[in-house]
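Engineer: Sequence isn't available, so here's the structure alone:
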């Protein structure tokens, strides 16, 4: 089963950025495409093209082979889209987000947070006591914040991630 356009967009946006999408979609379905052809076809400078391709390579989204040009003596990279890594990267990204949200939820549930009236800074009780419950930015007295809405928001995000099929 092939990966969907939506899955590719999700992975590339999360790991490399939106500017890499045209490169991935150009390479997808082709074999051993020269970086110079990619740059020319996408009307991009070769330096930018290489930069994006190497960033994609860091996450194993693309692979390359390097061959020496017999005439000029330069090395040229030929690129391929690595479709089989997309489902793995999708689940890895989601799992990372779930772990971060679980950590944040635990922190929110285990701590009392304090906030100044101007919302300059928000800190846990242990830090707030170090500042005598005065904001280090504006010197306003900090009040305990009811973080129940934050906890509910995190729980909702966790539920969405666990259910979502990207």
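Structural biologist: Thanks, I have it. From a predicted model like this one, the values you see are computed outputs, not experimental measurements.

Engineer: count of neighbours near residue 37?
Structural biologist: As a burial measure, residue 37 scores 15 neighbours (other Cβ atoms under 10 Å). (Each C-beta comes from the backbone N, C-alpha and C, glycine too.)

Engineer: Could you break this structure into its assigned domains?
Structural biologist: What automatic domain parsing lists as the domains of the chain is 5-86, 111-163.

Engineer: Quick one: closest of these to residue 95.
Structural biologist: Nearest of the domains of the chain to residue 95, taken as Cβ to Cβ: domain 111-163 at 9.1 Å.

Engineer: Going along the chain, name the strands of the chain.
Structural biologist: Per DSSP state E, the chain carries strands over the ranges 33-34, 62-68, 75-81, 113-116, 122-124, 142-145.

Engineer: can you list the ones you listed in TSV and add distance to residue 46 and mean pLDDT?
Structural biologist: Formatted as TSV, the strands of the chain follow (distance: least, Cβ to Cβ, whole Å; pLDDT from 0 to 100):
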stretch	distance to residue 46	mean pLDDT
strand 33-34	11	94
strand 62-68	14	94
strand 75-81	11	93
strand 113-116	50	92
strand 122-124	46	93
strand 142-145	51	92
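
Engineer: which of those sits most buried?
Structural biologist: The highest mean neighbour count among those, using mean count of other Cβ atoms under 10 Å, belongs to strand 113-116: a mean of 20.

Engineer: looking just at contacts, which helices and strands does that strand meet?
Structural biologist: strand 122-124, helix 125-130, strand 142-145 (3 or more Cβ pairs under 8 Å, 6 or more residues apart in numbering; DSSP states H and E).

Engineer: can I get the ones you listed in a markdown table with distance to residue 60?
Structural biologist: Putting the helices and strands packed on strand 113-116 into a markdown table (distance: least, Cβ to Cβ, whole Å) gives the following:
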| stretch | distance to residue 60 |
| --- | --- |
| strand 122-124 | 38 |
| helix 125-130 | 40 |
| strand 142-145 | 42 |
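
Engineer: Compare those and give me the one nearest residue 73.
Structural biologist: strand 122-124 (58.8 Å).

Engineer: How far does the closest one sit from its chain's centre?
Structural biologist: Offset of strand 122-124 from its chain centre (Cα atoms, centre = their mean, to the nearest Å): 26 Å.

Engineer: how near is the residue located most distally from the centre of the chain to residue 42?
Structural biologist: In terms of distance from the mean C-alpha position of the chain, residue 71 ranks first, at 40.6 Å (Cα atoms, centre = their mean). Per Cβ to Cβ, to the nearest Å, residue 71 is found 25 Å from residue 42.
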